[in-house]
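Visitor: 3D model of this:
(chains A and B, ligands or ions: 1)
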Amino acid sequence: MKYIDEFRDGALAADIARAIAAAVEPERTYRFMEFCGGHTHAIARYGLPDLLPANVRMIHGPGCPVCVLPIGRIDMAIELALEHHAIVCTYADTLRVPASGGLTLLRARAQGGDIRMVYSVDDALRTAREHPDREVVFFAIGFETTTPPTAVALLQAAAEDLANFSVLCCHVLTPAAIAAILDAPAREAPTGVPLDGFVGPAHVSTVIGSDPYAAFAGAYRKPVVIAGFEPLDVMQAILMLVRQVNSGRAEVENEFTRAVTPAGNRKAQQLMDQVFELRPSFEWRGLGEIPRSALRIRERYARFDAERRYPLAYRTIADNRACECGPILRGLKRPIDCKLFGSVCTPETPMGSCMVSSEGACAAHYTYGRHKDTVEGAA
Amino acid sequence: MSRQVKPGYARALDIRRGRVDLSHGGGGRAMVQLIRELFARHLGNAYLEQGNDGTVLPPLPGRLVVTTDSHVVSPLFFPGGDIGCLAVHGTVNDLAVMGARPLWLTAGFILEEGFPLADLDRIAASMARACREAGVQLVAGDTKVVERGKGDGVFITTSGIGVVAESCTLSGAAARPGDAVLLSGTLGDHGMAIMSQRENLGFDTPIHSDTAALNGLTALMMQHADGAIRLMRDPTRGGLAATLNEIADQSGVGVLLDETMIPLRPEVEAACELLGLDPLNVANEGKLVAVCDAALAPTLVQRMRTHPLGREAARIGTVIADSHHFVQMQTRLGGRRMVDWLSGEQLPRIC
Ligand code: SF4
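Guide: Numbers count the residues shown, from 1 in each chain, chains lettered A, B, ... in the order given. A predicted model of the protein is given here:
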């Protein structure tokens, strides 16, 4: 048991909270987006909004890999299992995401699909080695953190000539999504996107470095502070953002210097570049089509590309029309502004992307914060 | 399990190298041999030796409490326990937290063809040890065998009978605003012991399951504070979060926890962190939650700490009035958040 540490955490958090309260200008509103699902989780899990002044609002961004995965891509994974009888290896979080026709990967498994939960792409490679008579497909999702391991696995498969292994590549890129949020269509945000700065991703930035965010500080004039995943990191980053806003600066600052460098992990970047290339466009659940926002497997490794190996057709499937995920992901609305929130749409029966994983904006609010929507909670 | 059956089998059961086959569930001699030479050797007692289709039990003073529970844990053997003792503890604890004195258990075994008799022997021995320690007896049993591939080694269903005093009023609906919420020890040990053993999870931590019979601890608590204890529960599947939400719903109240008071082993916390799990949602098999009159809480906690299974007991929260029946927690950083039921299965985050 660690009562002492806990106390210290709490005392330090209180110190930073006091510094934030002293720094904010009362007539101003500060709207910061934490891009990453990991930050969303830390904020909700530790109740950080309670430590912030009322005029500092945190907006949950789209950095939750499961949430932004479009339904059509899950349909493809299900098709691979049910119609092409492949063993589909996937991370656990994707299993419950609703696909078309009332299916999920979990339900497809109950219908006889051989769908296996893995903790890493290595498990998928091992499955392929153990079942040379079966086709094995790895359903690869995630941002720049999970991409390098997939690249390594593809190189390994090529080296071993693992003929029964392939990857359904759905890897997406963080900077492209931030740009898409800031470029919101005028019909959605006639007066511009009301964001005053970003808490930049932790793990993603260890790979891509802090340099790729320079454009957001430059062209868009939005401060970015890269932060670690500990709640105190997030608090410190918020303080740094407040100070930037107050002094009219828009810079990329790095709170997470213990892990993030300006250039990032060159080795990982080079591996990604060797195996993947940019897709012209990719659909994001909640954000729509975003140009140059995702990766596909290069021609050279085409035989390990499930999209080339099987006759798979991608179909766009729209979310419920009342779903407000798009405006929520852009900071224009809050989860409780959605008519479906908490009634039709709950973590058990998600209607839109933000409710799908615990890191999604609506799910985090539902699971950790909905006491604030009640009379007692507001008191 | 009849004494009248003559041993028609010539050779003793080969417990070291033998395996379960379909004849062991067929009702013939092989089944009788399995029961005699394996189960009865560990678990035999005068009740089992009655050898009839049902066991006749003596009358009891007080009211009867009955419960049943199926056990399908995988892996069957894990640090700190196995499916055998777990099947005993689970049912004993369900009776104990009702304020009852557990007396008798029954056990149904579903065995998979090909299961090693040596493993079954270990499981039976472990059940026997757990029964002895908890002071209960196995009074009836059944064995069935399913074809290879139709089971997962062994499934065990246990039912239990206990007796509770007429005066006992423990009920999930009895919590009132102002009451104290107590927890008997560290959270999440069982769930994380199992998770760390799952085959495709490549970490090796010294986390031991907390599986244990709680009837000694509950007896001590009842003896000390009967009347002031509103209810007790064992937070198994779904963890503390599910148990407190059940209590809040049943009693029509809210709960406010203080995160800094919740005992947690550093290795369990680290493993949860790694897998993206919340220890409040992870299963326990040897812990209890009690709601009691706040005035009595300090002495009851002191008393619990004198018992080996309550050494880390603590008051972790308070029952509050809340028309939404929410469970909330003051976090270690000072903010407040909801503690909700888990949606779906608890699975790790990926990034
Ligand atoms: S509550 Fe559900 S439907 Fe509404 S915006 Fe959130 S995810 Fe979409």
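
Visitor: On the pLDDT front, check B:S196 for me.
Guide: Here, the pLDDT recorded for B:S196 equals 81.

Visitor: pretty sure it contacts B:A271?
Guide: Yes - taking Cβ atoms under 8 Å as the contact criterion, B:S196 and B:A271 are neighbours in contact, 6.2 Å apart. Quick note: C-beta positions are derived from backbone N, CA and C, even for glycine.

Visitor: And the strands in chain B?
Guide: Assigned by DSSP state E, the strands in chain B fall at B:63-71, B:77-78, B:81-82, B:101-112, B:137-146, B:154-164, B:180-183, B:229-233, B:254-258, B:289-292, B:314-320, B:327-330, B:336-338.

Visitor: Need the residues that contact stretch A:119-131.
Guide: Residues outside stretch A:119-131 that contact it (Cβ atoms under 8 Å, 6 or more residues apart in numbering or on different chains) are A:87, A:89, A:91, A:116, A:118, A:136, A:138, A:140, A:149-150, A:152-153, A:156-157, A:160, A:162, A:164-165, B:200-202, B:348.

Visitor: Pretty sure B:A314 sits against B:T260.
Guide: No - in this structure, B:A314 is not within contact of B:T260 by Cβ under 8 Å, at 10.0 Å.

Visitor: And these two? Which one has more around it.
Guide: Between B:A314 and B:T260, counted using other Cβ atoms under 10 Å in any protein chain shown, the more crowded position is B:A314 (23 against 19).

Visitor: quick one, what contacts that one?
Guide: Counting by Cβ under 8 Å, 6+ apart, B:A314 makes contact with B:L182, B:L183, B:M261, B:I262, B:P263, B:V301.

Visitor: Which members of the residues you listed are the farthest-apart pair?
Guide: Maximum pairwise distance among those (Cβ to Cβ): 13.6 Å, between B:I262 and B:V301.

Visitor: Which single residue in the stretch 151-300 of chain A comes nearest to the ligand?
Guide: The ligand sits closest to A:G286 of the stretch 151-300 of chain A, with a gap of 7.8 Å, by Cβ to the nearest ligand atom.

Visitor: got the phi/psi numbers for that residue?
Guide: Dihedral angles of A:G286 (phi, psi; degrees, to the nearest 10) stand at phi 90, psi -30.

Visitor: Need the pLDDT of the closest residue to the ligand within the stretch 151-300 of chain B.
Guide: Distance from the ligand to each residue of the stretch 151-300 of chain B (Cβ to the nearest ligand atom) is smallest for B:G276, at 20.5 Å. pLDDT for B:G276: 77.

Visitor: neighbours around it, how many?
Guide: Neighbours of B:G276 under the rule other Cβ under 10 Å: 18.

Visitor: now A:H84
Guide: Based on other Cβ under 10 Å, the number of other residues close to A:H84 is 15.

Visitor: Next: the one 5 residues further on.
Guide: In terms of burial, A:C89 registers 27 neighbours under the definition other Cβ under 10 Å.

Visitor: tell me the SS of it?
Guide: Per DSSP: H, G, I helix; E, B strand; the rest coil, the secondary structure class of A:C89 is strand.

Visitor: Quick check: it touching A:I141?
Guide: No - contact criterion Cβ under 8 Å: A:C89 and A:I141 do not qualify, at 11.7 Å.

Visitor: hmm, which helix or strand of chain A has the shakiest average pLDDT?
Guide: The least trusted helix or strand in chain A, going by mean pLDDT, DSSP states H and E, turns out to be helix A:375-378, with a mean of 54.

Visitor: Indicate which one of the strands of chain B is closest to A:A294.
Guide: If you check each of those against A:A294 by Cβ to Cβ, strand B:336-338 wins as the nearest, at 33.4 Å.

Visitor: Determine whether any part of the closest one lies close to chain A.
Guide: Yes - judged by Cβ under 8 Å from any Cβ of the partner chain, strand B:336-338 and chain A are in contact via B:R336, B:R337, B:M338.

Visitor: Closest one of those to B:F39?
Guide: Closest approach to B:F39 among these (Cβ to Cβ): B:M338, at 47.1 Å.

Visitor: Report the beta-bridge partner residues of that closest one.
Guide: Taking DSSP bridges as the rule, B:M338 bridges to B:Q328.

Visitor: Same check on B:D142?
Guide: Beta bridges link B:D142 to B:G108, judged by DSSP bridges.

Visitor: Ramachandran angles for the closest residue to chain B within the stretch 251-379 of chain A?
Guide: With Cβ to the nearest Cβ as the measure, the residue in the stretch 251-379 of chain A that lies nearest chain B is A:P347; the distance is 3.7 Å. A:P347 adopts backbone torsions of phi -60, psi -30, taken as degrees, to the nearest 10.

Visitor: That one: neighbour count?
Guide: Residues within reach of A:P347, counting by other Cβ under 10 Å, total 21.

Visitor: Can you give me the pLDDT of it?
Guide: Checking the pLDDT column for A:P347, the value is 87.

Visitor: B:A12 too?
Guide: What the model reports as pLDDT for B:A12 is 86.

Visitor: List the contacts of B:Q330.
Guide: By Cβ under 8 Å, 6+ apart, the neighbours of B:Q330 are A:G47, B:L256, B:L257, B:D258, B:E259, B:R336.

Visitor: What distance do you get for it to B:S323?
Guide: Summarising the geometry, the distance separating B:Q330 from B:S323, computed by Cβ to Cβ, to the nearest Å, is 20 Å.

Visitor: Show me what stretch B:161-173 is in contact with.
Guide: B:57, B:60-66, B:95-105, B:222, B:226-227, B:229-233, B:246-247, B:250-252.

Visitor: Contacts only, for A:L168.
Guide: By Cβ under 8 Å, 6+ apart, the residues touching A:L168 are A:R73, A:M76, A:A77, A:L80, A:V137, A:F138, A:F139, A:A140, A:A306, A:E307.

Visitor: The fourth one: how many residues sit nearby?
Guide: Applying the criterion other Cβ under 10 Å, we find 26 residues in the vicinity of A:L80.

Visitor: So it: helix, strand or coil?
Guide: Taking three-state DSSP as the rule, one finds A:L80 in the helix state.

Visitor: Name the nearest residue to it, sequence neighbours excluded.
Guide: Spatial nearest neighbour of A:L80, chain neighbours left out: A:A86 (4.7 Å); criterion: Cβ to Cβ, 6 or more residues apart in numbering or on different chains.

Visitor: Okay, A:L103 and A:R285: tell me how far apart.
Guide: Taking Cβ to Cβ, one finds A:L103 at 16 Å from A:R285.

Visitor: quick one, which of the two is more surrounded?
Guide: Per other Cβ under 10 Å, whichever of A:L103 and A:R285 has more neighbours is A:R285, with 27 against 18.

Visitor: Tell me who's in contact with the nearest residue to the more buried one once chain neighbours are set aside.
Guide: Among residues not flanking A:R285 along the chain, A:S353 sits closest, at 3.9 Å (Cβ to Cβ, 6+ apart). A:S353 sits next to A:C67, A:V68, A:L69, A:R285, A:G286, A:D319, A:C323, A:C325, A:G360 when contact means Cβ under 8 Å, 6+ apart.

Visitor: and the residue nearest to A:L80, how many residues sit next to it?
Guide: 24.

Visitor: any idea how far A:L95 is from it?
Guide: With distances defined as Cβ to Cβ, the gap from A:A86 to A:L95 amounts to 16 Å.

Visitor: next one: B:R36
Guide: B:R36 sits at a distance of 45 Å from A:L95 (criterion: Cβ to Cβ).

Visitor: cool, and B:N281?
Guide: Counting by Cβ to Cβ, the gap from B:N281 to A:L95 is 17 Å.
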